[in-house]
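Novice: model the structure of this input:
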Amino acid sequence: MSKYFLTKFGQSILLFLGILILVFFMLRMTGDPATLMMSREASKEQVEAFREAMGFNRPLPVQFLDYLVHMAAGDFGNSLHFRIPSLPLVLERLPATVWLAVAGLFIAVLIGIPLGLVGGFRPGSLVDSVGRLLALLGQSIPNFWLGLILIMVFAQTLGWFPVFGADQWNSVVLPAFVLGLPVMGQIVRLTRSAVLEVRGEDYIRTAFSKGLLPQVIYTRHVLRNVAIPIVSIIGIQFGYMLGGSIYIETIYSWPGIGQLLYQAIGWRDFPLVQTITIFTSLVVIVLNLATDFAYVLIDPRIRYGK
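Specialist: A predicted model of the protein is given here:
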């Protein structure tokens, strides 16, 4: 079991290092950082002075090593727009994004798992048809389009929810639903297929032949095996919801990391964009690592390396 933990932890460190290299060099492949950050009205002398002040005139490997040293000390660079360290800006916006992602995941799990379970236990039923329809809609409708439609119907026309911001308690409902709908579709389909697969196993038929109650079979045998793919999709999608809510936060003016990233791109705030990207990637890696560790608690075969 300890070997499993160490292997997963080492893979996560290598993955994070790869992301650091990818983000650092890809951002610089978009063009000269000094030219991108400076105003279009800046003279060549001003651009050159800025390039020297930021260290962009040094070789890229030297810049990358210097960035690693500063990042290890908690220094991700200063935001050009706010003129303060960029990491506190990200941490300040993090609770709003986490709250939105948790609310979206809660909606997805609350609707998706029951529909998937019923669809797997009773395929072809009315609930199964509704679940498959919602799964299809959730994975096919663009979330930015759905977000605008919900604003027009439930915010402007009916007035049930606020249009923008996060000032009221129900401000999170619309953006959370839009963010969680694609995840709900995946949960419905995965849960349904997992239940159908587990129901055909020999040990399930043996349990029925022994005369065990269906409730006991479903809770002790079916649900425990179905929980593994469900935990997997929830852990992965929650990380993506934290990092991929830029459109939703922008549409609903939600004060989170996604909106900050959108603004930073518009401001050409190179250090802030880099900090948000790397920080979000780190959060996703940590969540995936926690998901891998959760497998051990659910499936003993993983615990003993079988």
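Novice: CA atoms for contacts and neighbours, from now on please.
Specialist: Will do.
Novice: give me the buried positions along the longest helix seen in the chain.
Specialist: If you go by DSSP state H, the chain has its longest helix at helix 86-121. Neighbour-count burial for helix 86-121 flags 86-87, 89-90, 93-94, 96-98, 100-109, 111-121 (criterion: 16 or more other CA atoms under 10 Å).
Novice: show the pLDDT at the closest residue in space to residue 109 that isn't next to it in sequence.
Specialist: Nearest non-adjacent residue to residue 109, counting by CA to CA, 6 or more residues apart in numbering: residue 184, 6.5 Å away. With respect to pLDDT, residue 184 has a value of 92.
Novice: my guess is residue 168 meets residue 160, correct?
Specialist: No: with contacts counted by CA atoms under 8 Å, residue 168 stays clear of residue 160, the gap being 11.7 Å.
Novice: which one's more surrounded, the two?
Specialist: Counted by other CA atoms under 10 Å, residue 168 and residue 160 do not tie: residue 160 has more neighbours, with 13 against 10.
Novice: hang on, that one in a strand?
Specialist: No: secondary structure assignment (DSSP: H, G, I helix; E, B strand; the rest coil) places residue 160 in coil, not in a strand.
Novice: ok, residue 287 touching residue 235?
Specialist: Yes: between residue 287 and residue 235 there is a contact under CA under 8 Å: 6.2 Å.
Novice: could you list the low-pLDDT ranges of the stretch 151-300 of the chain?
Specialist: Along the stretch 151-300 of the chain, the parts satisfying pLDDT under 70 run over 244, 298-300.
Novice: quick check: the residue positioned nearest the centre of the chain vs residue 90, distance?
Specialist: Nearest to the geometric centre of the chain sits residue 240, at 1.7 Å (CA atoms, centre = their mean). Distance, residue 240 to residue 90, by CA to CA, to the nearest Å: 17 Å.
Novice: my guess is residue 269 meets residue 82, correct?
Specialist: No: in this structure, residue 269 is not within contact of residue 82 by CA under 8 Å, at 9.2 Å.
Novice: look at the two and report which has more neighbours.
Specialist: Between residue 269 and residue 82, residue 269 has the larger neighbour count (other CA under 10 Å), namely 22 against 11.
Novice: which non-adjacent residue is nearest that one?
Specialist: Nearest non-adjacent residue to residue 269, counting by CA to CA, 6+ apart: residue 80, 5.5 Å away.
Novice: give the contact list for the one you found.
Specialist: The contact partners of residue 80, by CA atoms under 8 Å, 6 or more residues apart in numbering, come to 269, 270, 271, 272.
Novice: so which of the residues you listed belong to helices?
Specialist: 270, 271, 272.
Novice: considering those residues, which possesses the most neighbours?
Specialist: That'd be residue 272 among the ones in helices among the contacts of residue 80, by other CA under 10 Å, with 28 neighbours.
Novice: contact partners for that residue?
Specialist: With contact set as CA under 8 Å, 6+ apart, residue 272 has these partners: 77, 78, 79, 80, 86, 87, 261, 264.
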